[in-house]
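A.B. asks: got a sequence here, can you build the structure:
(one chain, ligands or ions: 1)
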Amino acid sequence: MNSSLSWEQFWQEWRNKEAANEEDLYFQVGLTVNQKPIEKVDFDEIYKSISDALALSSDDILAELCCGNGLITYELKDHVKQIYATDFAGHLIKAAKELKSAPNITYTRNNVFDFLENIKNSGDAVPYKYLMSNALVYFTPADLKRILSLIIEITAGKPFLFYLKGVPNDQHKWNFYNTEERKQKYLQNIATGNFTNDGMGRWWQSEEIADLCKELNLKCEVWNADPQFSGFRMDIKISSE
Ligand SMILES: C[S@@+](CC[C@H](N)C(=O)[O-])C[C@H]1O[C@@H](n2cnc3c(N)ncnc32)[C@H](O)[C@@H]1O
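C.D. replies: Below you'll find the predicted structure:
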């Protein structure tokens with residue numbers, strides 16, 4: 001099964017309501033805690049940590065995969081020269097264009113694979129910085145291999161950085177499924193092959209990332225999120241050198 005097609009349907013339908021204001025944007029992409037947008041201090045930590053991890057600078061072209069409605073993208077606009085951002089959910093790209101646009105951000109509605117193919121074939125200036133925030137759960141290891149292979153082709157031997165933020169770490173999943181009811185629901189999803197896992201997606205093992213990077217001759221660093229922000233997510237930095 002082409003998993004991304006089914007996820008595309010999921011994302012077209014999930015909370016598919018026009019975003020009228022800033023608060024709606026947080027609900028559209030699930031950046032909420034207790035039915036409220038996450039605290040500003042936590043939101044600020046997200047984009048600052050992205051800027052630090054990717055060592056963003058005013059010369060950089062950043063390619064953002066799965067940008068949602070541009071909430072995070074927009075905050076990075078002053079850290080780089082240009083951002084190419086993509087997402088396959090039409091209503092999210094519409095909200096991004098309406099509420100989070102800037103002269104140096106280009107939003108396109110696309111699947112990440114076609115987006116990267118387009119960059120590869122465009123002949124335009126090449127991005128050497130790549131970001132995927134809160135979205136690796138919607139991909140399989142084979143998908144990630146394809147994404148990395150495309151980035152390797154695009155950057156053609158020059159150094160690149162790819163930061164994957166907020167990846168649920170399989171080793172810490174019981175911190176998330178922390179009641180008997182949640183645990184049983186998760187086990188039931190696994191047993192019945194409910195591939196969206198109630199929208200949570202795929203839990204990743206850090207070894208899977210490490211093995212893939214080894215196979216592709218890439219370096220990777222994996223670290224757990226600050227427990228103050230999450231008890232079950234990890235962040236991953238993949239580089240060519
Ligand atoms: C949880 S949201 C994260 C949005 C944003 N990166 C953030 O951190 O707020 C995940 C996004 O991934 C997008 N997505 C998932 N699979 C995708 C794919 N194959 N191609 C493009 N977008 C995809 C969804 O449409 C959704 O907007």
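
A.B. asks: tell me who's in contact with residue 137.
C.D. replies: The neighbours of residue 137, taking C-beta atoms under 8 Å, 6 or more residues apart in numbering as the test, are 167, 168, 200, 201, 202, 203, 204. All C-beta spots, glycine's among them, are computed from the backbone N, C-alpha and C.

A.B. asks: repeat that with 7 Å
C.D. replies: The neighbourhood of residue 137, defined by C-beta atoms under 7 Å, 6 or more residues apart in numbering, consists of 168, 200, 201, 202.

A.B. asks: and the gap between the nearest residue to it once chain neighbours are set aside and residue 86?
C.D. replies: Of all residues not flanking residue 137 in the chain, residue 201 sits nearest, at 2.8 Å (C-beta to C-beta, 6 or more residues apart in numbering). In this structure, residue 201 and residue 86 are 18 Å apart, going by C-beta to C-beta, to the nearest Å.

A.B. asks: looking at these two, which is more packed in?
C.D. replies: Taking neighbours as other C-beta atoms under 10 Å, residue 201 and residue 86 compare with residue 86 leading, 23 against 20.

A.B. asks: that one: what's it in contact with?
C.D. replies: Per C-beta under 7 Å, 6+ apart, neighbours of residue 86: 65, 67, 108, 110, 112, 115.

A.B. asks: what pLDDT does the second one get?
C.D. replies: Which is residue 67. The pLDDT attached to residue 67 in the predicted structure is 98.

A.B. asks: related to what we said a few turns ago, the residue nearest to residue 137 against residue 138, yeah?
C.D. replies: Yes: when contacts are counted by C-beta atoms under 7 Å, residue 201 is listed as touching residue 138 (5.4 Å).

A.B. asks: pull the number of nearby residues for residue 38.
C.D. replies: By the criterion of other C-beta under 10 Å, residue 38 has 17 neighbours.

A.B. asks: then the one 5 residues further on?
C.D. replies: Residue neighbour count, defined by other C-beta under 10 Å, stands at 16 for residue 43.

A.B. asks: and whichever residue of the chain sits closest to the ligand, how many residues sit next to it?
C.D. replies: Going by C-beta to the nearest ligand atom, the ligand is nearest to residue 68 of the chain, at 2.8 Å. Other residues lying near residue 68 total 25 when counted by other C-beta under 10 Å.
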